[in-house]
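S.K.: need a structure here:
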Amino acid sequence: MVASLARRFGDLDIAEDAAGEALVVALERWPADGIPPNPGGWLTTTATRRAIDRIRRENQRDAKHQAAVMIADPTPHEPTGHVEDDRLRLVFTCCHPALAPEARVALTLRLLGGLTVAEIARAFLVPETTMAQRITRAKAKIKAARIPFRVPDADDVTDRLGAVLAVVYLVFNEGYLSGAGADPLRSDLSDEAIRLGRLLRQLLPDDGEVAGLLALMLLADARSASRVAGGELVTLGEQDRSGWDRDRIAEGHALVRECLARVAGGGRAPGRYQLLAAVNAVHTDAPDARSTDWGQVLRLYDQLLAIEPTAIVALNRAVAVAEVDGPSVALALVDGLDLDGYHAWHATRADLLRRLGRAAEARSAYDAALAATDNPAESAYLARRRAQLAR
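M.R.: Okay, here's the model as predicted:
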């Protein structure tokens, strides 16, 4: 786009400025108005108008002549290169290395997923004001650094892949369990994330983490029809497994087996998404909750914690520890985590305390979990479990 604009107007600086301004306009408008059917064309048109406006301001050239040049320009469109899909191109553009990693993800969630600043802040476990400042700084950086909307070359695709995978997974998670709003599940977001995952798989068919992410999303989404009943969240152990999408499970399992074969053949050790996909494969392979191989789940979380030693991973590992070693061992692990602002931490503590017969403490933990979630289905589930506690 920048090269095309530079050819039209004969000034690379104007072209780069216009492209950066068009991206900033998109970041401001698209979350509210929706992504247009042809994002690339929208950005090109907006950048062209910005370039014309600047030329009009800087000199007294005939504006009609400039518009005629734009309309009659015979320059062919630039090739789309390695990334054909406009939305995926937008993800790679927002994941430009000039932006801070957390800003890349936040911008893309705002632009592509249409998430509010509050929803993005919840995904990052930071205050809304902090996230708003990050997004504002990122917009300013796009304009100052003249970051254009362009197709990344092969090296850029690889360099930006980690951020792109993180963005796609966070978009999926917001659809899998919405942070707020009337709808507890947002299939539009989860479906779009899976679509992008399939495109990434076509782009990088030999990348284990790409395959792992797609498998993870497919296996989680396969359970979506059984996750809410009567307006209430249904936990994995209580779900009606006959309602699971077996085609998606089969596809996800095949991808997991492919990842395992690649590792066994001397490939790189599995990363975050491959390990999480394997955890989901264990759950979806069990005919019922009692048949779940929790020992295998725990071993997979041990591997994940070794490469990603975060409190969130440790919390999920503690859930498996509760099934293998008992709730008291798991509670000691959970209480050692600094996650007081995270609703799932309170919900996990509440369940462990309930299982240990510590009803009064469990009620307090359920209250804290309820205060920290805005998802109506999750709130209904937590309220019911709290009401079942013996006085």
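S.K.: Give me the phi and psi for residue 232.
M.R.: phi -120, psi 140 (degrees, to the nearest 10).
S.K.: That one and residue 380 touch, don't they?
M.R.: Yes. The pair residue 232 and residue 380 passes the contact test of C-beta atoms under 8 Å, sitting 4.1 Å apart. (Glycine included, C-beta is placed from N, CA and C.)
S.K.: Grab the most central residue of this structure for me.
M.R.: For the chain, residue 170 is the residue whose C-alpha lies nearest the centre (C-alpha atoms, centre = their mean; 1.7 Å).
S.K.: any idea how far it lies from residue 112?
M.R.: Going from residue 170 to residue 112 by C-beta to C-beta, to the nearest Å gives 10 Å.
S.K.: likewise residue 279?
M.R.: Distance of residue 279 to residue 112, computed by C-beta to C-beta: 26 Å.
S.K.: where exactly do the strands run in this protein?
M.R.: With strands called from DSSP state E, the chain shows them at 228-229, 232-233.
S.K.: Dump the ones you listed into TSV; add mean pLDDT as well.
M.R.: Below are the strands of the chain laid out as TSV (pLDDT from 0 to 100):
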stretch	mean pLDDT
strand 228-229	92
strand 232-233	92
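S.K.: so which of the ones you listed comes closest to residue 45?
M.R.: Closest of the strands of the chain to residue 45 is strand 228-229, at 41.3 Å (criterion: C-beta to C-beta).
S.K.: which other residues reach the closest one?
M.R.: Under the criterion C-beta atoms under 8 Å, 6 or more residues apart in numbering, residues 184, 185, 234, 377 lie in contact with strand 228-229.
S.K.: try stretch 192-210
M.R.: 82-85, 87-88, 91, 112-113, 157, 161, 164-165, 168-169, 171-172, 175, 211, 213-214, 217-218, 221, 259, 262-263, 267-268, 270-274.
S.K.: Next: stretch 304-322.
M.R.: By C-beta under 8 Å, 6+ apart, the residues outside stretch 304-322 that reach it are 269, 271-272, 275-276, 294, 297-298, 301-302, 329-331, 333-334, 337-339, 342, 344-345, 348, 352, 355.
S.K.: List the buried residues in it.
M.R.: 304, 313, 314, 315, 316, 317, 318, 319, 320, 321, 322 (16 or more other C-beta atoms under 10 Å).
S.K.: same deal with stretch 28-45?
M.R.: 30, 31, 35, 39, 40, 42, 43, 44.
S.K.: ditto for stretch 277-285
M.R.: Within stretch 277-285, the residues that qualify as buried are 277, 278, 279, 280, 281, 282, 283, 284, counting by 16+ other C-beta under 10 Å.
S.K.: Which members of the residues you listed occur in helices, if any?
M.R.: 277, 278, 279, 280, 281, 282, 283, 284 (DSSP state H).
S.K.: residue contacts, the last one?
M.R.: Neighbour list for residue 284: 219, 222, 223, 244, 249, 252, 253 [criterion: C-beta under 8 Å, 6+ apart].
S.K.: cutoff 10 Å now
M.R.: When contacts are counted by C-beta atoms under 10 Å, 6 or more residues apart in numbering, residue 284 touches 218-220, 222-223, 236, 241, 244-246, 248-250, 252-253, 256, 292.
S.K.: ok, now residue 345?
M.R.: Shown in contact with residue 345 (C-beta under 10 Å, 6+ apart): 311-312, 315, 318, 334-335, 337-339, 365, 368-369, 372.
S.K.: circling back to that earlier point, for the residue nearest to the centre of the chain, what are its contacts?
M.R.: Counting by C-beta under 10 Å, 6+ apart, residue 170 touches 105, 106, 108, 109, 113, 115, 120, 123, 124, 189, 193.
S.K.: got those residues as TSV, with pLDDT and neighbour count columns?
M.R.: Formatted as TSV, the contacts of residue 170 follow (pLDDT from 0 to 100; neighbours: other C-beta atoms under 10 Å):
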residue	pLDDT	neighbour count
105	74	25
106	79	27
108	78	27
109	76	27
113	65	25
115	74	25
120	80	26
123	70	18
124	75	15
189	85	22
193	92	26
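S.K.: So which of these is the closest to residue 26?
M.R.: residue 108 (11.6 Å).
S.K.: just checking, that closest one touches residue 92?
M.R.: Yes. Counting by C-beta atoms under 10 Å, residue 108 does reach residue 92; the two are 9.3 Å apart.
S.K.: so what sits against both of these two?
M.R.: The contact lists of residue 108 and residue 92 share 163, 164, 167, where a contact means C-beta under 10 Å, 6+ apart.
S.K.: ok, back up a step: with residue 189 as the reference, measure out to the residue nearest to the centre of the chain.
M.R.: For residue 170, the distance to residue 189 - C-beta to C-beta - is 10 Å.
S.K.: same question, residue 92
M.R.: Taken as C-beta to C-beta, the span from residue 92 to residue 189 is 19 Å.
S.K.: Residue 138 now?
M.R.: 21 Å.
S.K.: ok so, going back, from the contacts of stretch 192-210, which land in helices?
M.R.: 87-88, 91, 157, 161, 164-165, 168-169, 171-172, 175, 211, 213-214, 217-218, 221, 259, 262-263, 272-274.
S.K.: From those residues, list the buried ones, please.
M.R.: Here, 16+ other C-beta under 10 Å leaves 87-88, 91, 157, 161, 164-165, 168-169, 171-172, 175, 211, 213-214, 217-218, 221, 259, 262, 272-274 buried among those.
S.K.: The closest residue to residue 30 other than its chain neighbours - how many residues pack around it?
M.R.: Leaving out its chain neighbours, the residue that sits closest to residue 30 by C-beta to C-beta, 6 or more residues apart in numbering is residue 111, at 5.6 Å. Residues lying near residue 111 (other C-beta atoms under 10 Å) number 25.
S.K.: Isn't residue 111 up against residue 95?
M.R.: No. Taking contacts as C-beta under 10 Å, residue 111 lies outside contact range of residue 95: 11.3 Å.
S.K.: Return the residues in contact with the residue lying closest to residue 355 once chain neighbours are set aside.
M.R.: Spatial nearest neighbour of residue 355, chain neighbours left out: residue 327 (4.4 Å); criterion: C-beta to C-beta, 6+ apart. Contact partners of residue 327, counting by C-beta under 10 Å, 6+ apart, are 318, 321, 334, 351, 352, 353, 354, 355, 356, 357, 358.
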